[in-house]
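**Student:** Generate a structure from the sequence data that follows.
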Amino acid sequence: MLRVDRRVPVSIGFSMQHEPSSEAESEERIPTEDSGEIKDSAESAPEGAGVAEGDSPSVSGEEEEQAEPTVEEQLVEWRERAIRSAADLENYRKRTEREKAEARRYSNQVLLEELLPVVDNFQMGLQAAAADKDSMIYRGMEMVKKQLDDFLAGQGVEEVAAEGEQFDPSLHEAVSQEECGGSDEGAVLRVIRRGYRMHDRLLRPANVVVAKSPEEVSEEGLAPAVGEENE
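**Tutor:** Numbering: from 1, shown residues only. All right, here's what the predicted structure looks like:
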C-alpha cells in the first residue's frame, strides 16, 4: 500500500504564499522620486558642490589698491599725535592754573559782600561822632576805620568813584534826579550809599542822585504869540 506524503503540497503552498510578500518588501525599499530620500540626499549635499574651483569671487580693484601704510608713515602719524597730545595737555594745565588763581582771588567775595552793610553803619556812626573830634570815642573810631580800610584794600576792595563823576549805569544806581544849573546833565550830585568793587568785579553799585538840566523855558517866561504882540 502506497503512502502519500501530504507535507509536500503544504510546503509548496507555503512557499508560494510568501513569495509575493518578499517581492513587495523589495519594492518598498526602492526609493522613488516621490519619496523623501532623494530630497534628503539633495539637501545634505554641500552648498558649494556645484561651484567650480575656478569660479571663486574675485577681489575688487579698490581693495587691491589699498596698501598697508609703511613704517615711515606710521611713525609720522604717531609723532603728530604725540605733538597734539602734548599741546592739549599744556593748554589744560594753563587753564587749570588760571581757574585756580581766579578762585583764590575771589574766594572772599561773598564774605565781603555781607560785610559792606557793617561798613555803612560804622561810617554813619563815625559821622555822628565827628561833632566832637577831640573825644576819645571819635579817635578810637578813627583808628578802627583805618584798620578796616587797610583790610578791605588788602582784599582788593576799593570804593567806586561817584560824586562829581558822570553817571555810569555799570557802576552807579540812580535813586533820584535834581535840577542843577551849575552841574552838567547826568553828573552825580550826591552819594546816598557808597559802592564797592573787588578787583574788576562790582560788589555793589553806588546809590546816587543825578543832575538834570532845568527846563529851557518856564511857563512864566513863555514868549507871547504873534497876534498878542500887536495887541
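
**Student:** quick one, domains of the protein?
**Tutor:** Per automatic domain parsing, the domain ranges recorded for the chain read 73-105, 109-212.

**Student:** would CSV of those with distance to Ala67 and mean neighbour count be doable?
**Tutor:** C-beta here means a position set from N, CA and C on the backbone, and glycine is covered the same way. Conversion of the domains of the chain to CSV gives the following (distance: least, C-beta to C-beta, whole Å; neighbours: other C-beta atoms under 10 Å):
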stretch, distance to Ala67, mean neighbour count
domain 73-105, 10, 10
domain 109-212, 59, 14
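
**Student:** Dump these into TSV; add mean pLDDT as well.
**Tutor:** Converted to TSV, these look like this (pLDDT from 0 to 100):
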stretch	mean pLDDT
domain 73-105	93
domain 109-212	91
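
**Student:** hey, where'd the helices end up in the protein?
**Tutor:** Using DSSP state H, the helices assigned to the chain run over residues 7-29, 36-44, 61-65, 71-105, 109-129, 136-154, 226-230.

**Student:** How much space separates Ala128 from Asn121?
**Tutor:** Here the criterion is C-beta to C-beta, to the nearest Å. By it, Ala128 lies 11 Å from Asn121.

**Student:** now do Ala103
**Tutor:** Note on Ala103: its distance to Asn121, by C-beta to C-beta, is 30 Å.

**Student:** do Gln166 as well
**Tutor:** When C-beta to C-beta is applied, the distance between Gln166 and Asn121 equals 29 Å.

**Student:** repeat for Glu158
**Tutor:** Computed with C-beta to C-beta, the distance linking Glu158 and Asn121 is 20 Å.

**Student:** repeat for Ser170
**Tutor:** Ser170 sits 26 Å away from Asn121 when distances are taken as C-beta to C-beta.

**Student:** same deal with Leu75?
**Tutor:** Going from Leu75 to Asn121 by C-beta to C-beta gives 72 Å.

**Student:** wouldn't His172 be in contact with Val188 here?
**Tutor:** Yes. In this structure His172 lies within contact range of Val188 using C-beta atoms under 8 Å: 6.4 Å.

**Student:** Name the residues contacting each of these two.
**Tutor:** By the contact definition C-beta atoms under 8 Å, 6 or more residues apart in numbering, His172 and Val188 are jointly contacted by Ala162, Glu165, Val208, Val210.
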